[in-house]
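>>> quick check, what structure comes out for this input:
(one chain, ligands or ions: 1)
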Amino acid sequence: MGNNSTEYFSTRGNADILDFAGVTLTGLAGDGGLYVPTHWPRFTPEQIKAMRGLDYVALAARVMAPFTQGVLSEDELQGLCKAAYGSFAHSAIVPLKQLDSQHFLLELFHGPTLAFKDVALQLLGQLFERFLSGTDKKLTIVGATSGDTGSAAIDAVAGRDQIEIFMLHPHDRVSDVQRRQMTTILAPNVHNIAIEGSFDDAQAMVKRMFGDRDVNGPLTLSAVNSINWARLMAQVVYYFAAALRLGSPDRTIAFSVPTGNFGDVFAGYVAAQMGLPIERLIVATNVNDILHRALANGDYSVSGVTPTAAPSMDIQVSSNFERLLFDLEGRNGAATLARMKAFEASGQMQIGPEMRSEGDIFISARADADDMALAMRWAYEHCGEVLDPHTGIALHAARAEMIAPHIPVVTLATAHPAKFRNAVERATGVRPALPQRLANLFEREERFDILPGDYDAVRDYVLAKAVR
Ligand SMILES: *Cc1c(COP(=O)(O)O)cnc(C)c1O
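Okay, here's the model as predicted:
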């Protein structure tokens, strides 16, 4: 590790300190915590002003450079971002649209798989390639997906020599579009597995594989879920992009974020720590509202998951919330460890009023199916915009939360409406077409294997297929 490298430590205070290359290739920290930088880098208002007018690729390298110091220079980052974002279908990468005098949409779905996860995963694919090239290392990515992460991760690594990816999805429980986006990628390093079981079953198998020395040892396993620091880092950039376009740093902005695992909205919090003047971050949830209950009354307790039209927000617990808790605990790893252990044992956690007031940049709102449909209809009838269900939930929250009228509110549009055509048609009467690049999705050949919901079967499959 170079002397001036940015260093990363675990939220639970008891794992190796790593540099940026190290955290990119690792998933969970050895002590079960999540990696965060040892301090938040900060830009002055003058430095933020100097970012005005940069294109997205140049801005991305400027915003991320403090996190990769000692490992990648700003110039090197620019090269990687150029390759990553060259695959986006819109030349602004993340176009900003105006809805009315106060509300804006930030479209994050112009990447190859039509969800915001491409913004981070396309870059992660480039970073993996960069850190593996010139070594004889091989990475085996194992993941479970309820839909959007799987296709974005597969697209990011398909055809790369030193990487193999095994993606588990619950058989018959992802949409046809979501499944085909994964299973029609026929590159030899891509292995799609349909598990007879639920997403939680698939996720449990992946977790077990990471701890299984018969697998993680002979193979070097790596994770691509949103606990990976590099993914969060890439998402910080678009908060800067939107705010700069709306007059930052001379003006404060609010954001409304459709939230599941708390990765996307946590990136907004990081942007605020870095000096971007953010008035409020609105955490929008559906009826799976553990985060709304936590932020509104301090009640972070697990209850069952209810399937909704916004499946990427159907979560039981939000893994990235630990990163916020760590900050609210004064960045005390021992206190965070004790808190998380108690939570893992009881399924419950109370967040006291002092801790909540430390985190008062966050407010939250919950939308049920009617709230979501009304927001989608409003956007269509008053602004001509067709929104996907996740974005509909965030727009509902943005309009419900009474931000002072002179403060612009940016709703993050996280998926293309065509990814959720049935739900969009039910709410608005419009059936959105797939964009040109996916127009023949239903004619393409599919390849995947169906395995029983049995750990040994999946482990043996991975061991048999992985190239060592
Ligand atoms: C993943 C996802 C979300 C939730 O993002 P988190 O970072 O998990 O909070 C919201 N909308 C869509 C479309 C997604 O794919």
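
>>> can you pull the buried residues of stretch 461-468?
462, 466 (16 or more other Cβ atoms under 10 Å). Using the backbone N, CA and C atoms, a C-beta is placed for each residue, glycine as well.

>>> wait, stretch 97-104
99, 102-104.

>>> where does the stretch 201-350 of the chain have low pLDDT?
Residues of the stretch 201-350 of the chain meeting the criterion pLDDT under 70: none.

>>> kindly recompute the last result at 90.
Scanning the stretch 201-350 of the chain with the threshold set as pLDDT under 90 gives 201, 203-204, 207-208, 210-211, 222-227, 303-307, 311-312, 314-319.

>>> helices of that one, start to end?
229-245, 263-273, 290-297, 321-328, 333-346 (DSSP state H, counting those that start in this stretch).

>>> and those helices as TSV, adding distance to the ligand?
Shown next, in TSV, are the helices of the stretch 201-350 of the chain (distance: least, Cβ to the nearest ligand atom, whole Å):
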stretch	distance to the ligand
helix 229-245	8
helix 263-273	3
helix 290-297	9
helix 321-328	10
helix 333-346	18
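
>>> on that earlier part again, and the buried residues of stretch 97-104 as TSV, adding secondary structure and distance to S248?
Output for the buried residues of stretch 97-104, formatted as TSV (DSSP: H, G, I helix; E, B strand; the rest coil; distance: Cβ to Cβ, whole Å):
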residue	secondary structure	distance to S248
L99	coil	19
Q102	coil	16
H103	strand	17
F104	strand	13
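
>>> from these, pick the one nearest D327.
F104 (27.5 Å; Cβ to Cβ).

>>> who does the closest residue in space to the closest one that isn't next to it in sequence form a beta bridge with?
Excluding its sequence neighbours, the residue lying closest to F104 (Cβ to Cβ, 6 or more residues apart in numbering) is V410, at 4.7 Å. V410 forms beta bridges with F104, F255, as assigned by DSSP bridges.

>>> contact partners for the closest residue to the ligand within the stretch 51-200 of the chain?
The nearest approach of the stretch 51-200 of the chain to the ligand comes at D148, 3.5 Å away (Cβ to the nearest ligand atom). Contact partners of D148, counting by Cβ atoms under 8 Å, 6 or more residues apart in numbering, are 113, 115, 117, 178, 312, 415, 419.

>>> at 7 Å instead, please
By Cβ atoms under 7 Å, 6 or more residues apart in numbering, the contact list for D148 reads 115, 117, 312, 415.

>>> dihedrals phi and psi, the first one?
Spelled out, that is A115. With angles defined as degrees, to the nearest 10, A115 sits at phi -140, psi 160.

>>> any idea how far Q162 lies from I407?
Separation of Q162 from I407 (Cβ to Cβ, to the nearest Å) stands at 47 Å.

>>> which of those two has more neighbours?
Comparing Q162 with I407 by other Cβ atoms under 10 Å, the one with more neighbours is Q162, at 17 against 14.

>>> tell me the pLDDT at that one?
In this model, Q162 is scored at 94, pLDDT.

>>> got the contact list for it?
Q162 touches 132, 137-139, counting by Cβ under 7 Å, 6+ apart.

>>> same thing but at 6 Å, please
132, 138 (Cβ atoms under 6 Å, 6 or more residues apart in numbering).

>>> show me what from the protein comes close to the ligand.
Taking Cβ under 6 Å from any ligand atom as the measure of proximity, the chain contacts the ligand at 115, 117, 148, 226, 258-264, 312-313, 390, 414-415.

>>> just the ones of those in strands?
P258 (DSSP state E).
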